[in-house]
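Trainee: got a predicted model here, sequence first, then my questions.
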Amino acid sequence: NAGVTQTPKFQVLKTGQSMTLQCAQDMNHEYMSWYRQDPGMGLRLIHYSVGAGITDQGEVPNGYNVSRSTTEDFPLRLLSAAPSQTSVYFCASSYIGTAESPLHFGNGTRLTVT
Amino acid sequence: AQSVSQHNHHVILSEAASLELGCNYSYGGTVNLFWYVQYPGQHLQLLLKYFSGDPLVKGIKGFEAEFIKSKFSFNLRKPSVQWSDTAEYFCAVKTNAGKSTFGDGTTLTVKP
């Protein structure tokens, strides 16, 4: 059972480049989300989804797009990378029907924008 | 909207010392409360959770937390820390709709 799989692990981009961070889960979780982690700021929610075809914005959505065409996949797109997007990105998923269900996290993607 | 506040940003303890990390939340509805731990270079993992019943919950590795509804608190405790507990600890509140909000985290350093 792979859990939550994120790729790539590391990425360096130049300002203005675009890229997609991949996230897949094999636990049939309805809820999927993307967080960014910055020192001293905890985890901030970028976008989330409660099911295929449904997405919504979190605290810090600007500069990022998401889509949810299947239950398993939830890619995060950076449209035009900026140095302020240098961060560690985590994808996380959980069941919705059982509120006590915890988030399951991927291993993270460390992104540097120069 | 929900929010979570963790009072201690960095805690330094010697091995065998007792630990208490503060967490307060703000949310008007039914809450489900979690503590996650992030060991250096790793992703977040569940430490313990509260959703109903006994307000004192026990987690892995000897950790426990107490939910005090009147104080909107969910403090994490461990009677005797070990060097291997060095990590970052996050308190989180999850709504019934599935959305989780995290505190800023507390970095715990345990000196051997």
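Mentor: Nice, I can see it. Numbering: from 1, shown residues only, chains lettered A, B, ... in the order given.
Trainee: who does the spatially most central residue of chain A bridge with?
Mentor: Centroid check for chain A by C-alpha atoms, centre = their mean gives A:Trp34 as the closest residue, at 2.7 Å. A:Trp34 forms beta bridges with A:His47, A:Cys91, as assigned by DSSP bridges.
Trainee: that one contacts A:Pro75, correct?
Mentor: No: at 9.2 Å, A:Trp34 and A:Pro75 do not qualify as touching, with contact defined as C-beta atoms under 8 Å. All C-beta atoms are positioned from the backbone trio N, CA, C, and that covers glycine.
Trainee: mutual contacts of these two, please.
Mentor: Shared contacts of A:Trp34 and A:Pro75 (C-beta atoms under 8 Å, 6 or more residues apart in numbering or on different chains): A:21, A:23, A:66.
Trainee: tell me what the lowest-mean-pLDDT helix or strand in chain B is packed against?
Mentor: Lowest on mean pLDDT, DSSP states H and E among the helices and strands of chain B sits strand B:100-102, with a mean of 91. Counting contacts by 3 or more C-beta pairs under 8 Å, 6 or more residues apart in numbering or on different chains; DSSP states H and E, strand B:100-102 is packed against strand A:43-51, strand B:3-6, strand B:87-94.
Trainee: hmm, back to that, now for the residue nearest to the centre of chain A: which residues touch it?
Mentor: A:Trp34 neighbours (C-beta under 8 Å, 6+ apart): A:21, A:23, A:45-48, A:58, A:64, A:66, A:74, A:76, A:89-92.
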